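J.: 3D model of this:
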Amino acid sequence: MKLFPFLAILAACSSSELSVSPNPMAFGEVDFNQPIPAEGYAIQEVFLNNVGENDLTITISQFDDERLRLTGSFVTQSPLTLATIGPGQFHTINVSVWNYDVEGGERDTLVSGNIQFTAAELKDPVLQNWSFTPVRIFDEDTDQ
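T.: Have a look, this model is predicted:
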């Protein structure tokens, strides 16, 4: 009978933790002079690792869909949600640069933001910082 309070305390103390890498995600200079590839520019693979003790159902609760494109095995699209992963398991998603604000003067300027990952099991959201500099590299042999 004395075992039940101990188990309740142990369950209450178990942790949930998510590791995101790379973080920060620096795309560097991205050349927008070329036609946009179907997957976006400068694609990077992101690892979402469950480094805690509880299952996690990860939702991407915030990201800049004007500037970035995310692809992966999402179980729902709105909001973007990944299948539940257990302790020691991971998901991968691909993040690429999609666009920049031409009229806002972002060309040749560092553009940055973050992607916010949440799960009901996490105390706080996990942020992945990202940055890129949109450039236009013209071929010297053309009159552009």
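
J.: Tell me which residues touch Ser21, please.
T.: Val46, Phe47, Asn49 (C-beta atoms under 8 Å, 6 or more residues apart in numbering). All C-beta atoms are positioned from the backbone trio N, CA, C, and that covers glycine.

J.: can you list the weak-confidence ranges in this structure?
T.: Scanning the chain for pLDDT under 70 picks out 1-14, 141-144.

J.: what residue lies at the spatial centre of it?
T.: Central residue of the chain (C-alpha atoms, centre = their mean): Ile115, 4.9 Å from the mean position.

J.: mind checking how far it is from Glu106?
T.: Ile115 sits 18 Å away from Glu106, going by C-beta to C-beta, to the nearest Å.

J.: mind listing what the nearest residue to Leu122 once chain neighbours are set aside touches?
T.: Distance criterion C-beta to C-beta, 6 or more residues apart in numbering; nearest residue to Leu122, sequence neighbours excluded, is Ser16 at 5.3 Å. Counting by C-beta under 8 Å, 6+ apart, Ser16 touches Gly52, Glu53, Asn54, Leu56, Ala119, Glu121, Leu122, Lys123.

J.: who does the fourth one bridge with?
T.: In this structure, Leu56 has the following beta-bridge partners (DSSP bridges): Ile85.

J.: How about the contacts made by it?
T.: By C-beta under 8 Å, 6+ apart, the contact set of Leu56 is Ser16, Leu18, Asn50, Thr84, Ile85, Ala119, Glu121, Leu122.

J.: List only those of those residues flagged as buried.
T.: Ser16, Leu18, Asn50, Ile85, Ala119, Glu121, Leu122 (16 or more other C-beta atoms under 10 Å).

J.: Among those residues, which lie within strands?
T.: Leu18, Asn50 (DSSP state E).
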